[in-house]
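A.B. asks: Everything below, folded, please.
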Amino acid sequence: MIDDQATERFMAAPWLAEVDRDTKKAILNALVEARAPAGATLLEQGQPNDHLTFLIEGSATIQRAFDNGRRETITTLTAPAVFGTTSFFQPQPPTVTVRATSDVWMLSLYHPAHETLRRENPRAAEALAVAVVRVLSERFDLLDKLLSEYVFRPPAGSTPTSEWAGFRARLFEERAL
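C.D. replies: You can find the predicted model right below:
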């Protein structure tokens, strides 16, 4: 059974804002409540993921480790948030690690409960899938914005030029052409 306060937080979270109360309750009934201390690993890069997690209190960082040992923080999630979205619905392990930066309170959906939800309440399973697609779409939009800003940022120490001005300069100033 999920704590009353956890239920209230889940029901009020934006990920299912357009979903009716009964459908939210059906999803909630498939979830497992858990807490973890600051520093805990909530999702491990390269390890199988068997759950989708709704963060209802606290914060966590999403980090990526590279083969050369470099680590990069991608973003920080603050409740309410959801993670594990891509690796939950596909068989590949996550490409990131999610680590609690404060004590966290979570509700998680595990694969067996998801299968039961799909069989017993397809409407709730569909509402959940649509909510996850929305979250992913928002993240893709953010990635697109960040990538565009990075691509069009002039190198340090140079003055910004338009694409046309840069092309003209290369065309008329480079002797190797």
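A.B. asks: for stretch 5-25, how far is the first residue from the last?
C.D. replies: The straight-line separation of the ends of stretch 5-25 (Cα to Cα, to the nearest Å) is 14 Å.
A.B. asks: And the contacts of it?
C.D. replies: For stretch 5-25, contacts defined as Cβ atoms under 8 Å, 6 or more residues apart in numbering pick out 2, 27-28, 31, 33, 54, 56-57, 79-80, 82, 105, 107, 121, 123-124, 127-128, 131, 134-135. Backbone N, C-alpha and C define where each C-beta goes, glycine included.
A.B. asks: Give me the packing partners of the biggest helix by length in the chain, helices and strands only.
C.D. replies: Looking across the chain with DSSP state H, the single longest helix is helix 122-151. On a contact count with 3 or more Cβ pairs under 8 Å, 6 or more residues apart in numbering; DSSP states H and E, helix 122-151 meets helix 21-28, strand 81-83, helix 85-88, helix 111-120.
A.B. asks: What's the first helix or strand after the third one?
C.D. replies: What it means is helix 85-88. Per DSSP states H and E, helix 85-88 leads on to strand 97-100 as the next helix or strand towards the C-terminus.
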